[in-house]
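Colleague: Sequence and predicted structure are below.
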Amino acid sequence: MSSFVVVANRLPVDEVITEAGRSWRRSPGGLVTALHPVLVEHAGSWIGWSGGVSTDQEVARFDRPRRREPTAGRDHGDDYRRGQVKVDGVELHPVPLTADDIERYYEGFSNASLWPLYHDAIETPVYKRKWWDSFSRVNERFAAETARVADPGATVWIQDYQLQLVPSILRRTRPDLRIGFFLHIPFPPVELFMQLPRRVEILHGLLGADLVGFQRPLGAQNFLRLTRHLLGLRPRGNVVEVDGREVRADAFPISIDVGEIEGLALSPLVRQRAERIRVELGEPKTVILGVDRLDYTKGIEGRIKAFRELLSEGRLSVPETVMVQVATPSRERVERYQALRIDVEREVGRINGDYGRVGVPAVHYLHQSYNRSELVALFCAADVMMVTPLRDGMNLVAKEYVASRVDLGGALVLSEFAGAAGDLRQAFLVNPYDLDGMKDTLLRATTVDPMDGMRRMRAMRRFLRTHDVSHWAHAFLEALGGVRGVPPASSELAAAADEAASSDGGVTSAEELSREANNQSPDASVSGSVDNGTSAGRDASRGTLRAPTADMISSNGHRVDQDVGEQQL
C-alpha cells in the first residue's frame, strides 16, 4: 500500500527494448521530476495508462477484485502488465484501455468534447452519448485502482481533465483519503461550461477533492462561480462547503525544472549544436523560432501568416531573417488535426514559394519530435521565440526558452492568452487575434535594444529560479496537507551574489561564491556532456556563442547568469 499516490492519464515511463528483453525507464519531464522525491520518500505509487492497447478480456480480468502482491525484486515487463513493477523507486500501476476506450474516452470525450470547450471553444466541441459512457467507465476504473493501492488516510493527487470524475468516485469509496486535483488546461467561464451536456456530473466530480488547483486565479474563480450558479452552493472566498466538507479552489501555476534546462544549455555539446544550427540555416541575422504540438489552440497559422505579411511588406527579408517552426505530431487519428496539418503545410509552401530561394527557404518546417537536448539547442540558437497560443493553460515552452537563455540573449513574444503571461511579464506580450499587433510586436522583438533585451530576460529568469516545478509541487502539497512536498532548492547563492555585486562590483565576489559552492579551484577546467551540463553563453547582440565569463555564477550545481544591479521591469 502507498501513503502518496499520483493518478494521471499516462504513466511516467518509456518502454526500452534491448537484447535482454523489455524494461522501463522514467520519462523526462517536469511533473515526474518534481514528484519523484516525494514518491520515493513515502513509498509512493503512480497510477496511469501505459499507452498500449488491451483486449476486452485483459480489462475484464483487471476489473475483477484483486489482492495486491509484493513487488520487491520484480522489475520485469511481465510484472509490469500485472501492476507489479518499480522504476527508480516508484511503484507503477498500469490501468488498461481497450481500443474502444482510446477512441471514446480519450480521443472522444476528453479531446473532442472537453479539450475544445475548455480552450474557449476555438473549435466547436462535439458531444456523443457513447463517449460519455466510456469516459465514466474509465474514470471508475482509475478510481477503483487508486482505492486498492492507497493506504488508509493516504494523500492522492489526481492530474488533469481526463480524470475529472475520479475525485468524487474515490470520495464515495474511500472517504478517509486526502484528495487533491490539478487541472493543467484552462477552466472555462460559466457561459461556456454550461454548454456541456454532463456539466453537473463533471462539477460534482471535481468537488470530491479537498483541493482543486488551477493554473491561474481566473480558473479558480470560474469554478467557484459555477458551484453557485449550477449547484446553488455558497462559496466564501476560495472555499465552498459540500456535504459538510470544505473544498478549496486556488491557483498553482506550474513550472519547469530550471536546473535541468540550464544544465543542458550550458553543456558543450548543446552549445556546439546551437552553433551548427545557425550555420545550417545560413547564418541569418535573425532566427525566429516556434515550438508547439500541432494543435489548433497553438496559433501556428496566425504566426506564420504574420511572418508572411512582414515579408510581403518588406519589413523583414530573407535570408537575413528566417523562421523555424517545429510542429510535434499530435492526435494524428483525429480529423481536425489532420486538416490542421494540411493548412499549416500549405501556408509554409506558399511562403517558401514566394520568398524562398534554392537552398534558402523562408520557413524551415519540421513536423517531427525532438529530444530535449535538441530543443534546448534550438532555443539557444533562436533570437526570437514566438509562443502565440489562442488559449493555453500555461505553456511551458515559453518558460523553457527563458531558462535556456543563460546568456541573457533572445526575446520572447508571448500570447496574452497563455497562462505563462502572468509569470513572464517582461516578455513581448501580444494578442494573437490581432494580426497587425502581432506583426508590430514581432518586429519590435527582432530589433530590441540589446540592453533592454537583457534586462527583460534577466527579470524573467530571476522569477523562474524561485518559481520552478519543485516550488509548484511543494506549494500544492502544502496547501493540500497530508504528505509534505520537498522544499524548493535554495536560491541563497544567487541572492548573495546579487548583494555582493551591488556593493562592490560583484565580479570577483560572484566567482568566489561560485567556486565555494562547487568546491572547485579558480582554474578548474570546464567539461561535461549534454546530460550533466557545464557552461556556455551566447552574445546577446550578435547571437553568437561565447565562452563563460564571470557574469555566470553557480546555482543548484550549474553555472548560470548572474543577476547584478538590475531592477525587475
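Modeller: Done, it's in. Predicted model only: the values in this text are computed from it and were never measured.

Colleague: Only C-alpha atoms from now on, for both contacts and neighbour counts.
Modeller: Will do.

Colleague: Any stretches of this protein with poor pLDDT?
Modeller: Residues of the chain meeting the criterion pLDDT under 70: 15-17, 22, 28-30, 33, 66-84, 482-569.

Colleague: In it, which residue is most central in space?
Modeller: Taking CA atoms, centre = their mean, the centroid of the chain lies closest to Leu396, which sits 4.1 Å from it.

Colleague: mind giving me the domain split of the chain?
Modeller: 2-94+139-251, 258-466, 491-561 (automatic domain parsing).

Colleague: State the phi and psi torsions of the residue nearest to the centre of the chain.
Modeller: phi -80, psi -20 (degrees, to the nearest 10).

Colleague: Identify the residues contacting it.
Modeller: Leu396 sits next to 255-256, 420 when contact means CA atoms under 8 Å, 6 or more residues apart in numbering.

Colleague: May I see the residues you listed organised as CSV, with distance to Tyr105 and secondary structure added?
Modeller: Below are these laid out as CSV (distance: CA to CA, whole Å; DSSP: H, G, I helix; E, B strand; the rest coil):
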residue, distance to Tyr105, secondary structure
Ser255, 28, coil
Ile256, 29, coil
Ala420, 29, helix
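
Colleague: Of the residues you listed, which is the nearest to Glu241?
Modeller: Nearest to Glu241 among the contacts of Leu396 is Ser255, at 29.9 Å by CA to CA.

Colleague: So Ile185 lies in a helix, does it not?
Modeller: No - read with DSSP: H, G, I helix; E, B strand; the rest coil, Ile185 is coil and lies in no helix.

Colleague: Settle this for me: it is touching Arg391, isn't it.
Modeller: No - Ile185 is beyond contact range of Arg391, at 9.2 Å (criterion: CA atoms under 8 Å).

Colleague: which neighbours do those two share?
Modeller: Joint contacts of Ile185 and Arg391 (CA under 8 Å, 6+ apart) are His119.

Colleague: out of these two, which sits in the more crowded spot?
Modeller: Per other CA atoms under 10 Å, whichever of Ile185 and Arg391 has more neighbours is Arg391, with 25 against 21.

Colleague: Quote the end-to-end distance of stretch 409-423.
Modeller: 19 Å (CA to CA, to the nearest Å).

Colleague: tell me which residues of it are tucked away?
Modeller: Neighbour-count burial for stretch 409-423, counted by 16 or more other CA atoms under 10 Å, picks out 409-421, 423.

Colleague: Need the three-state assignment for the spatially closest residue to Thr173 that is not a sequence neighbour.
Modeller: Spatial nearest neighbour of Thr173, excluding adjacent residues (CA to CA, 6 or more residues apart in numbering): Ala147 at 7.2 Å. Secondary structure assignment for Ala147 (three-state DSSP): helix.

Colleague: Report how many residues lie close to Ala147.
Modeller: The number of residues packed around Ala147, counting by other CA under 10 Å, is 21.

Colleague: cool, Glu280 as well?
Modeller: That count, for Glu280 with other CA under 10 Å as the rule, works out to 10.

Colleague: Please apply the same query to Ile256.
Modeller: Counted with other CA under 10 Å, Ile256 comes out at 25.

Colleague: circling back to that earlier point, nearest to Gly349, of the buried residues of stretch 409-423?
Modeller: Val413 (23.9 Å).

Colleague: Pretty sure that closest one sits in a strand.
Modeller: Yes - read with three-state DSSP, Val413 is one of the residues of a strand.

Colleague: ok, which stretches of the stretch 51-200 of the chain are strands?
Modeller: Listed in chain order, the strands found in the stretch 51-200 of the chain under DSSP state E, counting those that start in this stretch are 85-87, 90-94, 150-159, 178-182.

Colleague: The first one pairs with which strands?
Modeller: Pointing back at strand 85-87 there. strand 90-94 (antiparallel) (DSSP bridges).

Colleague: how distant is the strand it pairs with from the center of its chain?
Modeller: Chain-centre distance of strand 90-94: 22 Å, with CA atoms, centre = their mean, to the nearest Å.

Colleague: Fine by me, thanks again.
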